[in-house]
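Q: Provided below are the primary sequence and the corresponding predicted coordinates.
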Amino acid sequence: METISEAKDLAISKRRRAVYTALAPFFDHDNLFRALWIWEEKYAHAQPMKLRQFVAEITADRYPVSTVSRLHVQLVAANFIKNINKLEPDPYEEMVSYREATQRTRLAPPETVVFEVLCNHMTGDLEAETISTVFKLFANHLRVMPLGLAQKLELEQWIGSCRAVLHADYSRAELQDMLHALYVAICSVVGPVDTDRLLEKGVQAAGLLPEAQQFSPQMLL
Amino acid sequence: MLSKQRRSSVSMVRVFSVLSILFCPSYIFAASKDIHSLAATMDILWIVIAAILVFFMQTGFALLESGLSRAKNAINVIMKNYVDICVGSLAFWFIGFGIMFGDNPSGWFGVTHFMVNDVSAKTFALLFFQTMFAATAVTIASGAMAERTHYNGYLVGAIFTTALIYPIFGSWAWGSLFTGKGWLAQMGFIDFAGSTVVHSIGGWVALAGIIVLGPRIGRFSSDGEIRSIPGHNLTYVAMGGFILWLGWFGFNAGSTAQANDSIGQIALNTHMSAVAGAVSTLLGLIITRRALSVSTIVNGSIGGLVAITAGCASMSPFFAIVTGFVAGFVVVLGQQILEAFRLDDVVGAVPTHGFCGAWGTLAVGMFKTGDLFSVTQITIQVVGIIAAFLWAFPAALIMYMIIHRAIGLRASTVHEQRGLDFSEHSEMGYPEFQTQILHKGRH
């Protein structure tokens, strides 16, 4: 026999799946999980009527009105869906691992976080083979940059592990040079037109980070 | 009724004129003096109108080159076009005109008429017209070298091109305005409006420029892949093509330096060659199953215009069409040759102006009315083509190498990433859309 608390957990799990299903088409990975955590902490136990407030909080004037309306409609529809098999699986475990990763990231200064997210978005859409070539060229560029030994070691690890987390202190100029080295490396592999598009996409994604309020990604260009 | 009255009054005037001519010799003298004066004024008027049309070609070049560049470099290209005519005109007035058209006893360069202040009315008009030609020659390089050239380095190159490289060759082919004659002109070299003198010279300077600069980052991959970098506004490209076409009527027909009866055929030949150039480019693209790109078609018509520039006054319309037709293929093939050598010419200036200019100059030897396929004339034309290359290309190569060493010619890759609009001019052509490079110094 189910206890009241188990039944409540099941209900929250179903609502989490509904929110996840509704938000997934609208947000990229980082923003999706950030939004899910906002819901988890503030709105999971709130009245369904608070959904509008939730939508306002996660969009924060960054999206057109039509997108915000569509997002709200999707959220309401997903919450009232009868057949739960149509919902995505519960993302709670992924949310926990995302939070662990971001908590580690948050130890880094905002410019490093912005830099990492920008770089990750620039390389995110590339094929595995292309990424390895890009990182090889990027590593070659980094070797000739005037960086400290600890920084070089960390960067090598960062490149090798593909999206680990940077902890060392980097000046704005160093981050700028590193981003430019990555730009040139991607340019050499996929050409300047696609690279400009990836850069634009990366800047837009990084601009949505809370850290971007303290350090705009444009400052790295 | 009205037309009957008019006819009778016209007849009266005719009768009066005939009687006046028969009985008043002094009237004949005065009338003929007036007619000569009127003809001279009309010549000057025609030269100035043609020069204004040639000046308008700068708008065409600016639109074409800017349209074929990426949005982040649009202002830089416009600025190069806008300012190179300014510095070029000054340089040409200071020394270029004297070297090109001054007294030329040696046949190699002029030695008088520097900083011209006191000459005849017609010479002033010709100076104005030729200044526009010099500006055209120098602006050819700006498009080829777009998107990765330091602005100051480019301008220094523009000054030396209009002051020395262009006028020295010009004096060989055209230097006979006052006394003496250039050595090519003495041989009988024909380049009516400057296929070689203006366009090939500009093309060879551009070739030297792109060799010293190297390609834009990512233009060619390490495994030999050629990546096209599309321009940001193809509407500008087409508009630029139309404006150049319009200006070319002044360029070619104005080179008569007289409002005479040859202007009609020259303008027709100019038009037919441009048309044939565009059509042959279109056919070339269809045959080779390539995309019918507007930039290639526009370059095809410009290739036709460049090619007919040398022979527009000495060919029949049929051969003008043949000349333009071949030029269209030269444009397509020339671009492929450059890419095979990994030379990055943003607007295709080298094939369009350099190669088509050489072809057009050769075509005069082959298709000259009344002297078709003359071996002597063809030989002279070939000598002129080779002389132009052997002078302009090494001279420009040395010039750009010195500029590169002394003040820097190639923009840094960081500037290339940000775009030269921002890094060279602190401006942006499209600030509403180019958000990624705006940092405004905040945070």
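A: Alright, I've got the coordinates. This structure is a prediction, so every number in the text was calculated from the model and none was measured.

Q: for the rest of this, base every contact and every neighbour count on C-alpha atoms.
A: OK.

Q: what packs against the least confident helix or strand in chain A by mean pLDDT?
A: None of the helices or strands of chain A scores lower by mean pLDDT, DSSP states H and E than helix A:149-161, at a mean of 72. In terms of contacts (3 or more C-alpha pairs under 8 Å, 6 or more residues apart in numbering or on different chains; DSSP states H and E), helix A:149-161 is packed against helix A:128-143.

Q: other SSEs contacting the helix it packs on?
A: helix A:149-161, helix A:172-190.

Q: which of these sits most buried?
A: Scoring those by mean neighbour count under mean count of other C-alpha atoms under 10 Å in any protein chain shown gives helix A:172-190 as the most buried, with a mean of 21.

Q: what's in contact with it?
A: Contacting residues not belonging to helix A:172-190 are listed as A:111-112, A:115, A:119, A:130, A:133-135, A:137-138, A:141-142, A:147, A:194-195, A:199, A:219-221, B:217-222, B:413-414, B:417 [C-alpha atoms under 8 Å, 6 or more residues apart in numbering or on different chains].

Q: check stretch B:141-150 too.
A: So stretch B:141-150 is contacted by B:65, B:69-70, B:73, B:76-77, B:80-81, B:154, B:202-203, B:205-207, B:209-210, B:213, B:216, B:344-350, B:408-412, B:416, B:419-420, B:424 (C-alpha under 8 Å, 6+ apart).

Q: pull out the buried members of the residues you listed.
A: Buried members of the contacts of stretch B:141-150, scored by 16 or more other C-alpha atoms under 10 Å in any protein chain shown, are B:65, B:69-70, B:73, B:76-77, B:80-81, B:154, B:202-203, B:205-207, B:209-210, B:213, B:216, B:344-350, B:408-411, B:416, B:419-420, B:424.

Q: among those residues, name the ones in helices.
A: B:65, B:76-77, B:80-81, B:154, B:202-203, B:205-207, B:209-210, B:213, B:349, B:416, B:420, B:424 (DSSP state H).

Q: what about chain A: which of those residues touch it?
A: Among those, no residue lies close to chain A (C-alpha under 8 Å from any C-alpha of the partner chain).

Q: need the residues of chain A near chain B, please.
A: A:180, A:183-184, A:187-193, A:199-200, A:203-204, A:213-216, A:218-219, A:221.

Q: check contacts around the closest residue to chain A within the stretch 51-200 of chain B.
A: Across the stretch 51-200 of chain B, the shortest distance to chain A (C-alpha to the nearest C-alpha) belongs to B:Arg70, at 9.0 Å. Going by C-alpha under 8 Å, 6+ apart, B:Arg70 touches B:147, B:229-232.

Q: where does chain A have low pLDDT?
A: A:1-10, A:60-62, A:103-107, A:160-168 (pLDDT under 70).

Q: domains of it?
A: A:4-101, A:106-220 (automatic domain parsing).

Q: what's around residue 126, how many residues?
A: Picking chain A for this. 15 (other C-alpha atoms under 10 Å in any protein chain shown).

Q: actually chain B
A: Taking other C-alpha under 10 Å as the definition, B:Leu126 ends up with a neighbour count of 21.

Q: residues in contact with it?
A: Counting by C-alpha under 8 Å, 6+ apart, B:Leu126 has contacts B:47, B:257.

Q: could you count how many residues lie near residue 113?
A: Because you didn't say which chain, this covers chain A. Neighbour count of A:Val113, defined by other C-alpha under 10 Å: 25.

Q: try again with chain B
A: Neighbour tally, B:His113, other C-alpha under 10 Å: 21.

Q: then B:Leu285?
A: 18.

Q: how about the helices in chain A?
A: A:4-23, A:29-38, A:51-59, A:65-79, A:92-105, A:110-124, A:128-143, A:149-161, A:172-190, A:192-207.

Q: reformat the ones you listed as a markdown table; add distance to B:Phe325.
A: Below are the helices of chain A laid out as a markdown table (distance: least, C-alpha to C-alpha, whole Å):
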| stretch | distance to B:Phe325 |
| --- | --- |
| helix A:4-23 | 59 |
| helix A:29-38 | 56 |
| helix A:51-59 | 59 |
| helix A:65-79 | 54 |
| helix A:92-105 | 64 |
| helix A:110-124 | 46 |
| helix A:128-143 | 43 |
| helix A:149-161 | 54 |
| helix A:172-190 | 36 |
| helix A:192-207 | 33 |
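
Q: and the angle from the least confident helix or strand of chain A to helix A:110-124?
A: 30 degrees (axes from the mean of the first three to the mean of the last three C-alpha atoms, to 10 degrees).

Q: got the CA coordinates for helix A:149-161 in PDB?
A: Listed next in PDB are the C-alpha coordinates belonging to helix A:149-161 (Å, rounded to 0.1, in the frame of the first residue of the first chain):
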ATOM      1  CA  LEU A 149      52.800  25.700 -16.200                       C
ATOM      2  CA  ALA A 150      49.800  25.000 -14.000                       C
ATOM      3  CA  GLN A 151      47.500  26.600 -16.500                       C
ATOM      4  CA  LYS A 152      49.100  24.800 -19.400                       C
ATOM      5  CA  LEU A 153      48.700  21.400 -17.600                       C
ATOM      6  CA  GLU A 154      45.100  22.100 -16.800                       C
ATOM      7  CA  LEU A 155      44.300  23.300 -20.300                       C
ATOM      8  CA  GLU A 156      45.900  20.100 -21.800                       C
ATOM      9  CA  GLN A 157      43.700  18.100 -19.400                       C
ATOM     10  CA  TRP A 158      40.700  20.300 -20.400                       C
ATOM     11  CA  ILE A 159      41.300  19.700 -24.100                       C
ATOM     12  CA  GLY A 160      41.900  15.900 -23.600                       C
ATOM     13  CA  SER A 161      38.900  15.300 -21.400                       C
END
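
Q: got the angle between that helix and helix A:128-143?
A: 170 degrees.

Q: what does the pLDDT read for B:Gly408?
A: As predicted, B:Gly408 sits at a pLDDT of 92.

Q: distance of it relative to B:Val156?
A: 11 Å (C-alpha to C-alpha, to the nearest Å).
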